[in-house]
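Q: Give me the fold of what follows.
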Amino acid sequence: LQKVKNGLERVLSRVQLKNKQLEEDLKREQQWHEEQEQILNTLTGIEEETEVQVNQLGKERRAFNELQGKMLKLKMYKEELLNALSGFLEEHFPVPENGGRANKKNSSKEPGAELITLNEILEVLVNKLMSTPHEPYVMINDSFWPPYIELLLRSGIALRHPEDPNRMRLEAFHV
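A: Got it, this is the predicted structure:
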């Protein structure tokens, strides 16, 4: 009996040692499992944030594409307006002939400069206003036909310089 008892005690101690090892292994496995769950939760959070960002980027991209479409439509509309204005100006305000300068007393003695159309005058005024808004005045030279200058001034499209009557600017309608 003593032998059997000693044998069983040895078996018991081995089993207890084996149980301790298994408990330690179980604790390590549980700790590893918790770490894996934390990693999984973190990755799930990152995935959700990424999906939100992708959705937001998709909305921004759609908005950007809509704005591009609107810009294209506006450019086409601007071209139509400019073509219509150009056609109107060519039809109703043709290129002045040198005969129009004969009304001046001094113009018959000296050859005049090449006269430009009302469309070109407006283009010069608009370009000057857009390129240098702080100094939008243009010097009135001999290529500007005086009746066109008077037309622009009287209709309120252009203004003379307060100190120099030989300079004018386009009225800033966009301000």
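Q: use CA for all of it now, contacts and neighbours both
A: Noted.
Q: Quick one: name whatever helix or strand follows the lengthiest helix in the chain.
A: The helix of greatest length in the chain, counted in residues with DSSP state H as the criterion, is given as helix 2-92. Counting by DSSP states H and E, the next helix or strand C-terminal to helix 2-92 is helix 118-131.
Q: Just the buried positions in that next one, please.
A: Buried positions in helix 118-131, judged by neighbour count with 16 or more other Cα atoms under 10 Å: 118-119, 121-122, 125-126, 128-129.
Q: So, low pLDDT: which residues of the chain?
A: When residues are selected by pLDDT under 70, those of the chain lie in 98-112, 174-175.
Q: Domain-wise, how is it divided?
A: Per the TED database, the structural domains of the chain span 1-93, 118-170.
Q: For stretch 167-175, what is the distance to the chain centroid?
A: Its chain's C-alpha centre lies 26 Å from the corresponding centre of stretch 167-175 when counted by Cα atoms, centre = their mean, to the nearest Å.
Q: Equivalent analysis for stretch 162-175, please.
A: With Cα atoms, centre = their mean as the basis, the distance from the averaged C-alpha position of stretch 162-175 to the chain average is 30 Å.
Q: What of stretch 39-46?
A: Per Cα atoms, centre = their mean, the displacement of stretch 39-46 from the mean C-alpha position of its chain is 36 Å.
Q: related to what we said a few turns ago, for the longest helix of the chain, packing partners?
A: In terms of contacts (3 or more Cα pairs under 8 Å, 6 or more residues apart in numbering; DSSP states H and E), helix 2-92 is packed against helix 118-131.
Q: neighbouring strands for the next helix or strand after the helix it packs on, and are they parallel or not?
A: Next helix or strand after helix 118-131 toward the C-terminus (DSSP H and E): strand 138-139. Strand 138-139 has the following strand partners under DSSP bridges: strand 167-170 (antiparallel).
Q: just to revisit the earlier point, most tightly packed of the domains of the chain?
A: Comparing the domains of the chain on average neighbours per residue, with mean count of other Cα atoms under 10 Å, the densest one is domain 118-170 at a mean of 15.
Q: what's the first-to-last distance across it?
A: Using Cα to Cα, to the nearest Å, the end-to-end distance of domain 118-170 comes to 13 Å.
Q: And stretch 145-162, by the same measure?
A: Its first and final residues considered, stretch 145-162 spans 21 Å by Cα to Cα.
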